[in-house]
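Colleague: model this:
(one chain, ligands or ions: 1)
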Amino acid sequence: MTPIEQDRGSWGSKAGFIIAAAGSAIGLGNIWRFPYVAGQNGGAAFVLIYIIFVVLIGLPVMITELAIGRHTKKNPWGAFELLFPKSVWRFVGGLGIFTGIGILSFYAVIAGFTLGYFFKIIKGDFSSIASGDQAAAIFTAFTANPYLAISLLVAFILITGLIVAGGVSAGIERWSKILMPILFVLLIVLAIRSITLEGASKGLEFYLKPDISKINPGVLARALGQALFSLSLGMGAMITYGSYISRKDNLVTSAASVVFFDTIIAILAGLVMFPALFAMGLDPAGGAGLVFVVLPSIFAKMPGGILFGAGIFLLLAVAALTSTISLLEVPVSYFVDEKKWPRKKAVIWMSVAAFVMGLPSAVSLGASDGLSKLPLVGFGFLDLMNAIFGNYSLSIGSLLIAVFAGYKWGAKVVIAEIQKEGVAFQLKHVWTFLIRFVCPVAIAIIFVYIIVTGNYF
Ligand code: TRP
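Modeller: A predicted model of the protein is given here:
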């Protein structure tokens, strides 16, 4: 069968695609990862670099991935294979597929935590806390229970698998439409509460007033990784999603909308976290547990805190779900397209793989557990997975995708794909310059820098 004959389904509408792609992009990356990584990497200076990378690297790479996907109507491996059969470029897709499972493995652990927190808040576990330290102690106790963490991981992967098994537009579109706008409104309310806490201004300054001297190779590498992670780029998720878009849709404006919404949510999450964090005397560089400590501390200081708290963690779980769906969809579409597996079989095996890979991450945040530190690196396993798959693999993937589009497949072909059915691409020269020069050179320089300075994690 040629790609066109194959019935892979497509999005219900252009809005359907934007909602689904935004659903993939918006997730724990915005609300869990962005604030804690920004907190560890100099606050406002990081935010500034992050935004520059989103515009100069994220947006052009997203346009490129969507164009590859729509042109080939394939999973990442199949897309490169179709364009250049048996060439090494297939392995860019292969890396992406593996990375999808790698990210899913630790992402589902944190997603499981958000579910767990939903129930904890309803139970009233946070209604009497008076300080950030108390919230931190509750988080530590929560993660110290490996059975709970593993059960939540299983639950989250199961829910993801059930939806992915149901097929694309039926499963994904329905979920995102109503719930993401509610998440947005809740975040605005929380940001207002956070900013009006006593002592919040120090946090605003940390978050919004860049101190350029804090920029170093590590900050650049992590801002790049965070931009790609947050936008779901560098592993072919957007190639896969692009494969379901119609020729009539404008890839550039679609990509721009997704990038815009994703960035707004991340910035907003920072406005929720940093003022409250400083108001409560917590450490901005506290690491992966940050949201689980700061958010409950805010709810404790709000009328109707339990309601808000439960609402936000439930919506966070839903936002995470629309992202885990896209992570699982990539390897699944590979086995369905290339290996002709039935969809259910692919879902089951990829879910099992993510679960097994996720086990060490699930127990790694528990301070009292022997597995919490890898002996080799003295470093949490989840943090390690997060750095390898969530930063480096996506950066390498994006570099290769940019080189592929700019030099191998050719900028002209990509532009022709974008301009199908008379769609105008006004910024085509800017895009060409960014994809051929800025993206590969910037990413390569950051890698050389990181290697030379040894600032890996
Ligand atoms: N972007 C999502 C988030 O911010 C996570 C995610 C989903 C992702 N699919 C991806 C990251 C593909 C990288 C690649 O939470």
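
Colleague: Contact residues of the stretch 1-150 of the chain facing the ligand?
Modeller: 24-25, 27-30, 103 (Cβ under 6 Å from any ligand atom). In short, each C-beta sits where N, CA and C put it, glycine included.

Colleague: Same question for the stretch 351-457 of the chain.
Modeller: Within the stretch 351-457 of the chain, the positions near the ligand by Cβ under 6 Å from any ligand atom are L394.

Colleague: Now the residue in the stretch 251-400 of the chain that the ligand sits nearest to: closest residue in space that isn't a chain neighbour?
Modeller: Distances between the stretch 251-400 of the chain and the ligand by Cβ to the nearest ligand atom are smallest at S323, namely 3.8 Å. Nearest non-adjacent residue to S323, counting by Cβ to Cβ, 6 or more residues apart in numbering: G27, 3.3 Å away.

Colleague: wait, the one you found sits on T322?
Modeller: Yes: using Cβ atoms under 8 Å, G27 makes contact with T322 at a distance of 6.7 Å.

Colleague: who has more neighbours, those two?
Modeller: Legend: neighbour count by other Cβ atoms under 10 Å for G27 and T322, higher for G27 (30 against 26).

Colleague: Enumerate every residue touching that one.
Modeller: By Cβ atoms under 8 Å, 6 or more residues apart in numbering, the residues touching G27 are 107, 319-320, 322-324.

Colleague: and with 6 Å instead?
Modeller: Residues in contact with G27, defined by Cβ atoms under 6 Å, 6 or more residues apart in numbering, are 319-320, 323.

Colleague: Repeat that for N145.
Modeller: Applying Cβ under 6 Å, 6+ apart, no residues qualify as near N145.

Colleague: Could you tell me the model confidence score at V441?
Modeller: V441 carries a pLDDT value of 97.

Colleague: Please, which helix or strand holds it?
Modeller: Per DSSP states H and E: V441 is located in helix 439-453.

Colleague: what do you get for Y36?
Modeller: Using DSSP H and E, Y36 maps to helix 34-40.

Colleague: Name the surrounding residues that touch that helix.
Modeller: 46-47, 222, 226, 266, 269-270, 273, 284-285, 287-288, 290.

Colleague: Check stretch 74-85 too.
Modeller: Outside stretch 74-85, the residues that touch it by Cβ under 6 Å, 6+ apart are 68, 72, 89-90, 92-94, 96, 236, 239-240, 243, 333-334, 337-338, 409.

Colleague: Only C-alpha atoms, please: export the host helix or strand of F17 in CSV.
Modeller: Per DSSP H and E, F17 falls inside helix 14-25. Taking Å, rounded to 0.1, in the frame of the first residue of the first chain, the C-alpha atoms of helix 14-25 are listed here in CSV:
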residue,chain,number,x,y,z
LYS,A,14,-7.7,21.9,12.0
ALA,A,15,-8.7,23.0,15.5
GLY,A,16,-8.7,19.3,16.4
PHE,A,17,-5.1,19.0,15.4
ILE,A,18,-4.0,22.1,17.2
ILE,A,19,-5.8,20.9,20.4
ALA,A,20,-4.2,17.5,20.2
ALA,A,21,-0.7,18.9,19.4
ALA,A,22,-1.1,21.4,22.2
GLY,A,23,-2.3,18.6,24.4
SER,A,24,0.9,16.8,23.6
ALA,A,25,3.1,19.8,24.2
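
Colleague: Which strands or helices does it pack on?
Modeller: With contacts taken as 3 or more Cβ pairs under 6 Å, 6 or more residues apart in numbering; DSSP states H and E, helix 14-25 sits against helix 168-195, helix 251-279, helix 305-337.

Colleague: Now for the residues of the stretch 1-150 of the chain next to the ligand: which two are most distant?
Modeller: Across these, no pair lies farther apart than N30 and I103, at 14.7 Å, counting by Cβ to Cβ.

Colleague: Quick one, which of the contacts of helix 34-40 are buried?
Modeller: 46-47, 222, 226, 266, 269-270, 273, 284, 288, 290 (16 or more other Cβ atoms under 10 Å).

Colleague: Most widely separated two among the residues you listed?
Modeller: V47 and A288 (18.7 Å).

Colleague: rewinding a little: just put the residues of the stretch 1-150 of the chain next to the ligand in JSON lines and tack on distance to V441 and pLDDT.
Modeller: What follows is these, written out as JSON lines (distance: Cβ to Cβ, whole Å; pLDDT from 0 to 100):
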{"residue": "S24", "distance to V441": "28", "pLDDT": "91"}
{"residue": "A25", "distance to V441": "25", "pLDDT": "95"}
{"residue": "G27", "distance to V441": "29", "pLDDT": "96"}
{"residue": "L28", "distance to V441": "30", "pLDDT": "97"}
{"residue": "G29", "distance to V441": "25", "pLDDT": "97"}
{"residue": "N30", "distance to V441": "27", "pLDDT": "97"}
{"residue": "I103", "distance to V441": "26", "pLDDT": "98"}
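
Colleague: quick one: which of those residues is nearest G218?
Modeller: Closest approach between these and G218, by Cβ to Cβ: G29, at 18.9 Å.

Colleague: So that closest one sits against L228, correct?
Modeller: No: using Cβ atoms under 6 Å as the test, G29 is too far from L228 to be in contact (9.6 Å).

Colleague: quick one: contacts for the closest residue to F425 other than its chain neighbours?
Modeller: Excluding the flanking residues, the one nearest F425 by Cβ to Cβ, 6+ apart is I418, at 4.8 Å. By Cβ under 6 Å, 6+ apart, the residues touching I418 are 67, 251, 425.

Colleague: Which strand or helix spans the residue lying closest to the second one once chain neighbours are set aside?
Modeller: Take L251 and drop its neighbours on the chain: the residue closest to it by Cβ to Cβ, 6+ apart is L66, 4.7 Å away. With secondary structure defined by DSSP H and E, L66 is part of helix 59-72.

Colleague: So which other helices or strands are in contact with that helix?
Modeller: Using 3+ Cβ pairs under 6 Å, 6+ apart: helix 59-72 touches helix 76-83, helix 237-242, helix 251-279, helix 411-418.

Colleague: Return, as residue ranges, the portions of this structure with sub-threshold pLDDT.
Modeller: By pLDDT under 70, the low-scoring segments of the chain are 1-12, 167-176, 367-379.

Colleague: Would you pull up the residue in the chain closest to the ligand?
Modeller: Closest residue of the chain to the ligand, Cβ to the nearest ligand atom: G29 (2.0 Å).

Colleague: Distance of the closest residue to that residue other than its chain neighbours relative to L328?
Modeller: Leaving aside its sequence neighbours, G29 sits nearest to S230 (Cβ to Cβ, 6+ apart; 4.1 Å). S230 sits 18 Å away from L328, taking Cβ to Cβ, to the nearest Å as the criterion.
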